[in-house]
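Engineer: I would like the atomic coordinates for the input below:
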Amino acid sequence: MLSEKPRRRRWWGHPVVSQRLQKGHFHTLYFDLRQHPDKFQGYCRMSVGTFDMLLASLRSRLTFQDTNMRRSISPEETSSQVERFLATGSSFASLHYEYLLGISTISGIVCHTCQLNWQRLRDAVMPQPKAEDWLRIADGFYQSAQFPNCIGTIDGKHIRITKWPHAVSQYFNFKQYFSVVLLALVDSNYRFIIVDIGAYGSTADARILCSSRMGEPLRANQLALPEPRRLTGSSASATPFVIMADQGFVLSPHVMQAFP
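Structural biologist: Modelled structure (predicted):
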């Protein structure tokens, strides 16, 4: 076989990308947006205060050294790109034209920063629920839906992915596209309590729950659930706390389907 000659690079940096400091979205918009909190909220889908709080927690991990060849990307610019990506779902190619950075550079920034966010904030924003947390969630469902002893609702969401060469068929779902599944348990305010991310798109929600880190402790009654209690205004025996689900899940002592 004839080996192909490596392609010669035409530029060290593309002329368009080299104008990042003068024409990139961050350098032309960021500081003006901070002066108008409503516009900043619309751009990043979070307040200036929340943005600064997240940035402060990650600044040391997002600060890199400048070199003689080029300046490093500031933590503010890095965070701005990631929040814009998460807020809009824009492709890396689209962000490339907005921020005037290489597509591979933006891809690396998003993946690296999201991992840092999860590692740094997981215990704060999604801690392991305790008995008092489950009771608070149940009170929220009773107030909003008049449904007693409910500690969450669960369902799966298919996240569409692009098929790569030789992709295995397990990623092809019943909706006729390739996906991974986000299985989430949420409270009455639609906030995530527990999540399982990355299951094959062809896998049923019930199977994902059974094999997840939530399903196994749930079956073994190891999720620190409160003891069963009587329903309000009832003299019958105490009933267990349950998770509401659709017909894709299997009934169990702690999983209940909605009444048809």
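
Engineer: isn't Asp187 right up against Asp139?
Structural biologist: No. At 10.3 Å, Asp187 does not count as touching Asp139 under the criterion of Cβ atoms under 8 Å. For every residue, glycine as well, the C-beta is placed using N, CA and C.

Engineer: So which of these two has more stuff around it?
Structural biologist: For Asp187 versus Asp139, the count of surrounding residues by other Cβ atoms under 10 Å is larger for Asp187: 21 against 13.

Engineer: Show the residue spans covered by the strands in this protein.
Structural biologist: 150-160, 179-186, 192-200, 242-245, 255-257 (DSSP state E).

Engineer: Could you list the buried residues of the last one?
Structural biologist: What it means is strand 255-257. Within strand 255-257, the residues that qualify as buried are 255-256, counting by 16 or more other Cβ atoms under 10 Å.

Engineer: what packs against it?
Structural biologist: Applying 3 or more Cβ pairs under 8 Å, 6 or more residues apart in numbering; DSSP states H and E, we find strand 255-257 packed against strand 242-245.

Engineer: Parallel or antiparallel, which strands does the strand it packs on pair with?
Structural biologist: strand 150-160 (parallel), strand 255-257 (parallel) (DSSP bridges).

Engineer: Turn these into TSV, columns for distance to Ala167.
Structural biologist: What follows is the strands paired with strand 242-245, written out as TSV (distance: least, Cβ to Cβ, whole Å):
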stretch	distance to Ala167
strand 150-160	13
strand 255-257	32
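
Engineer: Where does pLDDT dip in the stretch 151-260 of the chain?
Structural biologist: Where the stretch 151-260 of the chain drops to pLDDT under 70, the residues are 260.

Engineer: so for stretch 61-77, what's the average pLDDT?
Structural biologist: Stretch 61-77 shows a mean pLDDT of 84 in the predicted model.

Engineer: circling back to that earlier point, just the strands of the chain: most buried one?
Structural biologist: strand 242-245 (a mean of 21; mean count of other Cβ atoms under 10 Å).

Engineer: Arg59: which of the strands paired with strand 242-245 is closest?
Structural biologist: Closest to Arg59 of the strands paired with strand 242-245, according to Cβ to Cβ: strand 150-160, at 29.4 Å.

Engineer: Show me how far that closest one is from its chain's centre.
Structural biologist: Offset of strand 150-160 from its chain centre (Cα atoms, centre = their mean, to the nearest Å): 13 Å.

Engineer: residues in contact with it?
Structural biologist: Strand 150-160 has contacts (Cβ atoms under 8 Å, 6 or more residues apart in numbering) with 134, 137-138, 141-142, 173, 175, 177-187, 193, 199, 201, 205, 208-209, 225, 241-246, 248-249, 255.

Engineer: and what of stretch 182-201?
Structural biologist: For stretch 182-201, using Cβ under 8 Å, 6+ apart, the contacting residues are 126, 129, 137, 140-141, 143-145, 152-159, 161, 168, 170-173, 177-181, 205, 208-209, 212-214, 243.

Engineer: Also stretch 203-223?
Structural biologist: Here stretch 203-223 makes contact (Cβ under 8 Å, 6+ apart) with 129, 134, 154-156, 170, 181, 183, 185, 194, 196, 199, 243, 245, 248-250, 252, 254-255.
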